[in-house]
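Enquirer: Build the 3D model from these lines:
(2 chains)
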2 protein chains.
Amino acid sequence: MSKIQYLIGVDGGGTGTRICIAGPDGIEKVRSDGGASALGQGIDKAWLNISQAIKAGFAALGIDEPDFAQCAVGLGMSGVHNPAWAEEFKQKNPGFAKIVVETDGFSTLLGATNGQHGGIIAIGTGSIGEAWLPDGQRLEVGGWGFPTSDEGSGAFLGLKAINHVQRIIDGRRPVTEFGRKLLSITGQTKAEIFNWMGQMKQGECASLSPVVMEFGASDEYARAFLQEAGQEIEQIGLALRAHHADLPLAICGGGLSEALRPYIPADFLASTLRPQKDSCAGALILIYQALA
Amino acid sequence: MSKIQYLIGVDGGGTGTRICIAGPDGIEKVRSDGGASALGQGIDKAWLNISQAIKAGFAALGIDEPDFAQCAVGLGMSGVHNPAWAEEFKQKNPGFAKIVVETDGFSTLLGATNGQHGGIIAIGTGSIGEAWLPDGQRLEVGGWGFPTSDEGSGAFLGLKAINHVQRIIDGRRPVTEFGRKLLSITGQTKAEIFNWMGQMKQGECASLSPVVMEFGASDEYARAFLQEAGQEIEQIGLALRAHHADLPLAICGGGLSEALRPYIPADFLASTLRPQKDSCAGALILIYQALA
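Expert: Below is the predicted model of the structure:
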């Protein structure tokens, strides 16, 4: 492995790619980013955007023609759950000396725990609980996808919000300021709302969740939705800990996961940790550990 | 209108078409049926299957070459909510002297009330509440579609069932006989369940509801799903009655709606009626009233 001069971490997702470059000691030198690289959007596109982001990172270090054969890369990629995509992605390695491919959930976990065993509950547009136990066992809870799962996520809150809009329109619930704000997004008439729903995929659905957050303090329906999300997050954590009672557990995911904290049952929340590093740093740990 | 010798009722849906033929007095002479005629499956296909079912009915009366110009037809059709489909369907009338086109929900209502003002809650794969008030006003509650609405329906129960399967597999709920029966349908492994969900539309989802029914008496989760469905049915009824407090209300829909009765709040259930006639008879009433 003496030819390897650089360790690289890649966090590849549906809206962008984040990379970091380190020396053999695993200490970050530079970060860069690029276009989307979720495997579901195309394997060639993923490698193109990852390669461009890595080249941009080397350029920032003053290296215009990096030699990929001197680089080992850890990749936490959205879409790796699909075995066919994962295999094709590995086959198309554009010349790196070594690659280790994992889910973006696992790179998030390695970042959150700084490379230690433990677990995370990742809350964003979707949601999932993951754990890596001291015996090497891996666990997943939730994350079965839209619309049946992803409990506690932005899309989970959005499904409750669009159903709330329906109930307001047909008289099953009173219209409040919360409802009026939702209607200003979905449209006010049945025809407009049907049209909005017709284009609703997971992302559009999750786009209603900031409105639920906004009214959590003032509206009983919004508050109930958020409390249910908080309880679902606890359920995910308890299922992870059923295998390992004192599992260190971090709640990750940025804005929504922060905003949800007041609605997570307090005893459970107090038993969790803040993530130590992000998914990109976790991908760097992934390759560092693989070479160790 | 003296040329009209026959009144015909048509109940057109996604799995089949049911027709009845009456004389000018509106009293049924014969029934027949044919292939699917939901407008979403194609307007030409709908008219073809309706015409064939009507011809089969006339054949049973000994009339092999019916003159459509002597017939007035009331049609309760699935898909009429889409204005473009409804307009094309009317345009393609294959020669009947008069047609009146309504939703299958409204023909169900006219059948249930035997042509009087009133309301229904129709429970099947989907669900909807409809009312026709003494002032002529029409109301709809629910029925916004899969997966966000259709509360209390077969698909509503199916969504809870597939989510229950997920929670069993990842340790959020215990596996019981109810769960084992569901897993025998969806598959036992994550890969099998993801595959089942990948092909799950509203109908596949609703296909899990008989299992929920089967375990309503013995399993706390199944019972909770059914009680929630029953409460949703009451909510739909209360929203219809908010406009007209003593609205006669029938719960319709065959097998599932019958099986759900023990889970509908008792006071509300006691305030409802049994439907008097079916949707095909309601479509006949529709054309009889239109000519009156």
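
Enquirer: Going by C-alpha atoms from here, please, whenever you check contacts or count neighbours.
Expert: Will do.

Enquirer: who's in contact with the host helix or strand of A:E140?
Expert: Using DSSP states H and E, the element containing A:E140 is strand A:138-141. Strand A:138-141 is contacted by residues A:I128, A:G129, A:E130, A:A131, A:W132, A:I236, A:A239, A:L240, B:R167, B:D170, B:G171, B:R172 when judged by CA atoms under 8 Å, 6 or more residues apart in numbering or on different chains.

Enquirer: Stretch A:215-235 too?
Expert: A:121, A:151-153, A:156-157, A:160, A:176, A:178, A:212-213, A:260-261, A:263-265, A:268-269, B:172.

Enquirer: In helices only, show me those.
Expert: Of the contacts of stretch A:215-235, the ones assigned to helices by DSSP state H are A:F156, A:L157, A:K160, A:F178, A:V212, A:M213, A:L260, A:F268, A:L269.

Enquirer: now those: which count as buried?
Expert: A:F156, A:L157, A:K160, A:F178, A:V212, A:M213, A:L260, A:L269 (16 or more other CA atoms under 10 Å in any protein chain shown).

Enquirer: With pLDDT and distance to chain B as extra columns, can I get the residues you listed in a markdown table?
Expert: Converted to a markdown table, these look like this (pLDDT from 0 to 100; distance: CA to the nearest CA, whole Å):
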| residue | pLDDT | distance to chain B |
| --- | --- | --- |
| A:F156 | 97 | 11 |
| A:L157 | 98 | 12 |
| A:K160 | 98 | 8 |
| A:F178 | 98 | 19 |
| A:V212 | 98 | 17 |
| A:M213 | 98 | 20 |
| A:L260 | 97 | 21 |
| A:L269 | 98 | 18 |
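
Enquirer: So which of these is the closest to B:G115?
Expert: Taking CA to CA as the measure, A:K160 is the one of these closest to B:G115, at 36.8 Å.

Enquirer: Sheet partners, orientation included, of the strand holding A:E140?
Expert: strand A:127-132 (antiparallel) (DSSP bridges).

Enquirer: where along chain A do the strands fall?
Expert: Here chain A has its strands, by DSSP state E, at A:6-12, A:17-22, A:28-34, A:71-77, A:98-103, A:118-123, A:127-132, A:138-141, A:249-252.

Enquirer: Please identify the most buried of those strands.
Expert: strand A:6-12 (a mean of 29; mean count of other CA atoms under 10 Å in any protein chain shown).

Enquirer: which other helices and strands contact it?
Expert: Secondary-structure packing of strand A:6-12 (3 or more CA pairs under 8 Å, 6 or more residues apart in numbering or on different chains; DSSP states H and E): strand A:17-22, helix A:43-60, strand A:71-77, helix A:104-112, helix A:279-291.

Enquirer: Could you tell me the angle between that strand and strand A:71-77?
Expert: For strand A:6-12 against strand A:71-77, the angle by axes from the mean of the first three to the mean of the last three CA atoms, to 10 degrees is 20 degrees.

Enquirer: can you list contacts of strand A:6-12?
Expert: The contact list for strand A:6-12 (CA under 8 Å, 6+ apart) reads A:17-24, A:26, A:36-38, A:46, A:50, A:70-78, A:104, A:107, A:279-288.

Enquirer: Run a quick neighbour tally on A:Q199.
Expert: 10 (other CA atoms under 10 Å in any protein chain shown).

Enquirer: got it, and A:I185?
Expert: 14.

Enquirer: what does the one 4 residues further on give?
Expert: Here the number of neighbours of A:T189 (other CA under 10 Å) works out to 11.

Enquirer: any idea what sits nearest it, other than its immediate chain neighbours?
Expert: Nearest residue to A:T189, sequence neighbours excluded (CA to CA, 6 or more residues apart in numbering or on different chains): A:I169, at 8.0 Å.

Enquirer: That neighbour and A:E65: what is the separation?
Expert: Using CA to CA, to the nearest Å, we find A:I169 at a distance of 60 Å from A:E65.

Enquirer: now swap in A:T148 and tell me
Expert: For A:T148, the distance to A:E65 - CA to CA - is 47 Å.

Enquirer: So between those two, which is more surrounded?
Expert: A:T148 (19 against 9).

Enquirer: Which residues are in contact with the more buried one?
Expert: B:L159, B:I162, B:N163.

Enquirer: need the contact list for the last one.
Expert: This means B:N163. When contacts are counted by CA under 8 Å, 6+ apart, B:N163 is found next to A:T148, A:S149.

Enquirer: Can you point out the buried residues in the longest helix along chain A?
Expert: Longest helix of chain A, by residue count under DSSP H: helix A:220-241. Neighbour counts over helix A:220-241 (16+ other CA under 10 Å) mark A:221-223, A:225-241 as buried.
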